[in-house]
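Engineer: please work out how this folds:
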Amino acid sequence: QVQLVESGGDLVPRGGSLRLSCEASGSHFSIDNMGWYRQVPGKERELIASVTREGTSNIASSVKGRFTISRDNAKNTVALQMNNLQSDDTGVYYCYGRIRENGKSYWTPSWGQGTQATVSS
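Structural biologist: Numbering: from 1, shown residues only. The predicted model follows:
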């Protein structure tokens, strides 16, 4: 079974930076798209950034110019660099990966447990 584990969440002042990391671990699997979602209380989980295996990224308009996403296919990791953080960026950030285990013909979505990022005003 493949697991995604996030790290890097913290409490930072407004204007500060955080780097979130996520590593997929397990045996014999492939990862297609990876990304980061954010959830705040009372709202649906929203896509913040995604990146294909080939490196094509998509960034939500609300964070474009401040956040960047990157991945390392050899290490099965994806990172989210968050700069100039604002209060609205506060939330739980979830790592996402579209994964196929060897021997199976279908892809399944997998999620990390989430990491809390809090921006103080």
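Engineer: can you tell me the element the residue lying farthest from the centre of the chain falls in?
Structural biologist: Residue farthest from the centre of the chain, counting by C-alpha atoms, centre = their mean, is residue 103 at 26.3 Å. Using DSSP states H and E, residue 103 falls within no helix or strand.
Engineer: now do it against residue 30, distance only.
Structural biologist: Separation of residue 103 from residue 30 (C-beta to C-beta, to the nearest Å) stands at 11 Å. All C-beta spots, glycine's among them, are computed from the backbone N, C-alpha and C.
Engineer: gap between the two ends of stretch 107-117?
Structural biologist: Taking C-alpha to C-alpha, to the nearest Å, stretch 107-117 runs 29 Å from one end to the other.
Engineer: likewise stretch 89-108?
Structural biologist: Its start and end residues considered, stretch 89-108 measures 28 Å (C-alpha to C-alpha).
Engineer: what about the strands in this structure?
Structural biologist: Using DSSP state E, the strands found in the chain span residues 3-7, 11-13, 18-25, 29-39, 46-51, 57-59, 67-72, 77-82, 91-101, 108-111, 115-120.
Engineer: and the fifth one, average pLDDT?
Structural biologist: It refers to strand 46-51. Averaging pLDDT along strand 46-51 yields 98.
Engineer: which residues sit against that strand?
Structural biologist: Contacting residues not belonging to strand 46-51 are listed as 33-39, 57-60, 63, 67-71, 78, 80, 93, 96 [C-beta atoms under 8 Å, 6 or more residues apart in numbering].
Engineer: buried subset of the residues you listed?
Structural biologist: Burial by neighbour count, 16 or more other C-beta atoms under 10 Å: within the contacts of strand 46-51 this picks out 33-38, 59, 63, 67-69, 71, 78, 80, 93, 96.
Engineer: next up, the contacts around the residue nearest to the spatial centre of the chain.
Structural biologist: Centroid-nearest residue in the chain, with C-alpha atoms, centre = their mean: residue 36, separated by 2.6 Å. Counting by C-beta under 8 Å, 6+ apart, residue 36 touches 20, 22, 47-50, 69, 78, 80, 93-96.
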